[in-house]
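Visitor: heads up, no residue letters with this:
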């Protein structure tokens, strides 16, 4: 059943969500605010979304019996992350409208297919080469050093990637990324480019092809994980924002994507004498709500999660309005570790002190155990101006022990 042919969901209907993480949790909140019930499929019965949903299918993502149970309980189905099996979406689409579809998810799961799609859409990517076997390493162009070797599949938040500056390092990194299987793990080697800043664009596309976008987001990553997102006047130059938004729309239309899609960009340092060279490249895409769009819950009149629900429910899309400048801080499990004493102690951060700051919006994901590098929540500061939101966010960051920016 195609998404475009199904009748819009009605209040009281149920939306099925593949995945029970924090994205599913915030998606469930948005669906429930619109009068929908939510059932989640996740192997963890205490997953963040499972804690708030009306129903849970507690099974593995590749369990056909679980897919059927989800289809039996829901009138439409979406996914909260792209590493669910594409065949699950294909199977579910036989009986229920599914957004996003298996096509978008399958391409996002494979860096080689993803870069091929970007180029087909006419948007620039970093110089790169696909490596399918150890024999391919010898023919790598010297221009790709220094570079980053990434697994073609299942890499996220800095996982599955290693920086290399020579052929010897490439050989060692290739061996490190190979799994226990006798089949080689396909990788992509990307040239490291002179980075000026990182941006992302969140697009929502309906089954009829209509699109809306969130404001272009300026991002800062640390160790491959998003640390800070800023939106508002002054975050990104207007001409650049227009170009990146158009590129993201081209990517979404090229996929015939239905749902929220985030496209991440690298904006490059200008190089003397390089007239006509690309000033930005597409990095990667995520066919679902994205960490950098979390600010929209508090800064916009329509959040990225409501947009995802509207797409899945076959409801109209409206252009979100940014009513406040915002700075969002990712809260990793490291914040729960106090390292001031002789040995680290796990403790709860001083949230009352943070919440006393004007414009503070705290979102914790219900994860029972704080671990180093684990996304535990986010903290958004809204204000009339980006400078004011930045000031409050930096004040909170100092209290929490987050690195300055």
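Guide: Great, that's in hand. Everything numeric here is computed off the predicted structure, so don't read it as measured data.

Visitor: what is the neighbour count of the nearest residue to residue 227 once chain neighbours are set aside?
Guide: What sits nearest to residue 227 in space, not counting adjacent residues and going by Cβ to Cβ, 6 or more residues apart in numbering, is residue 220, at 5.1 Å. Where you see a C-beta, it was placed from the backbone N, CA and C, and this is true even at glycine. Using other Cβ atoms under 10 Å, residue 220 is surrounded by 15 other residues.

Visitor: and residue 334, by the same measure?
Guide: Number of residues near residue 334 (other Cβ under 10 Å) recorded here: 16.

Visitor: just the pLDDT at it, thanks.
Guide: pLDDT, residue 334: 94.

Visitor: and what of the one 10 residues further on?
Guide: We have a pLDDT of 77 for residue 344.

Visitor: cool, the one 5 residues further on as well?
Guide: Per-residue pLDDT puts residue 349 at 96.

Visitor: go ahead and confirm the residue nearest to residue 227 touches residue 404.
Guide: No. The pair residue 220 and residue 404 fails to qualify as a contact (Cβ atoms under 8 Å) at a distance of 10.8 Å.

Visitor: since we're on the closest residue to residue 186 other than its chain neighbours, how many residues are nearby?
Guide: Leaving aside its chain neighbours, residue 186 sits nearest to residue 152 (4.2 Å; criterion: Cβ to Cβ, 6+ apart). Number of residues near residue 152 (other Cβ under 10 Å) recorded here: 21.

Visitor: now residue 152: how far from residue 257?
Guide: Distance, residue 152 to residue 257, by Cβ to Cβ, to the nearest Å: 21 Å.

Visitor: low-confidence stretches in the stretch 51-200 of the chain?
Guide: The stretch 51-200 of the chain contains residues with pLDDT under 70 at 155-158, 182.

Visitor: what ranges does it have for its helices?
Guide: 64-73, 86-92, 102-108, 111-120, 167-177 (DSSP state H, counting those that start in this stretch).

Visitor: which residues are in contact with the second one?
Guide: Looking back up the chat, that one is helix 86-92. Residues outside helix 86-92 that contact it (Cβ atoms under 8 Å, 6 or more residues apart in numbering): 16, 18, 61-62, 64, 67, 70-71, 77, 79, 98, 100-102, 105-106, 109.

Visitor: give me the residue at the spatial middle of this structure.
Guide: residue 290 (3.1 Å; Cα atoms, centre = their mean).

Visitor: let me see the domain layout of the chain.
Guide: 3-98, 127-191, 195-400 (automatic domain parsing).

Visitor: show the end-to-end separation of the shortest one, please.
Guide: Start to finish, the residues bounding domain 127-191 are 6 Å apart (Cα to Cα, to the nearest Å).

Visitor: chain center to it, what's the gap?
Guide: Counting by Cα atoms, centre = their mean, to the nearest Å, domain 127-191 is centred 23 Å from the centre of its parent chain.

Visitor: and the last one, by the same measure?
Guide: From the chain centre to the centre of domain 195-400 is a distance of 9 Å (Cα atoms, centre = their mean).

Visitor: mind listing the helices for the stretch 251-400 of the chain?
Guide: 296-299, 304-313, 351-355, 386-400.

Visitor: show me what the second one is packed up against.
Guide: Pointing back at helix 304-313 there. strand 14-18, helix 22-33, strand 76-79, strand 195-205, strand 259-268, helix 296-299 (3 or more Cβ pairs under 8 Å, 6 or more residues apart in numbering; DSSP states H and E).

Visitor: mind doing that once more with 6 Å?
Guide: Judged by 3 or more Cβ pairs under 6 Å, 6 or more residues apart in numbering; DSSP states H and E, helix 304-313 is in contact with helix 22-33, strand 195-205, strand 259-268.

Visitor: quick one, which of those is nearest to residue 377?
Guide: helix 22-33 (7.9 Å; Cβ to Cβ).

Visitor: what residues sit buried inside the closest one?
Guide: Across helix 22-33, burial judged by 16 or more other Cβ atoms under 10 Å covers 22-32.

Visitor: closest to residue 121 among those residues?
Guide: residue 23 (24.8 Å).

Visitor: return the distance of the nearest residue to residue 6 once chain neighbours are set aside relative to residue 15.
Guide: Nearest non-adjacent residue to residue 6, counting by Cβ to Cβ, 6+ apart: residue 97, 4.2 Å away. Per Cβ to Cβ, residue 97 is found 10 Å from residue 15.
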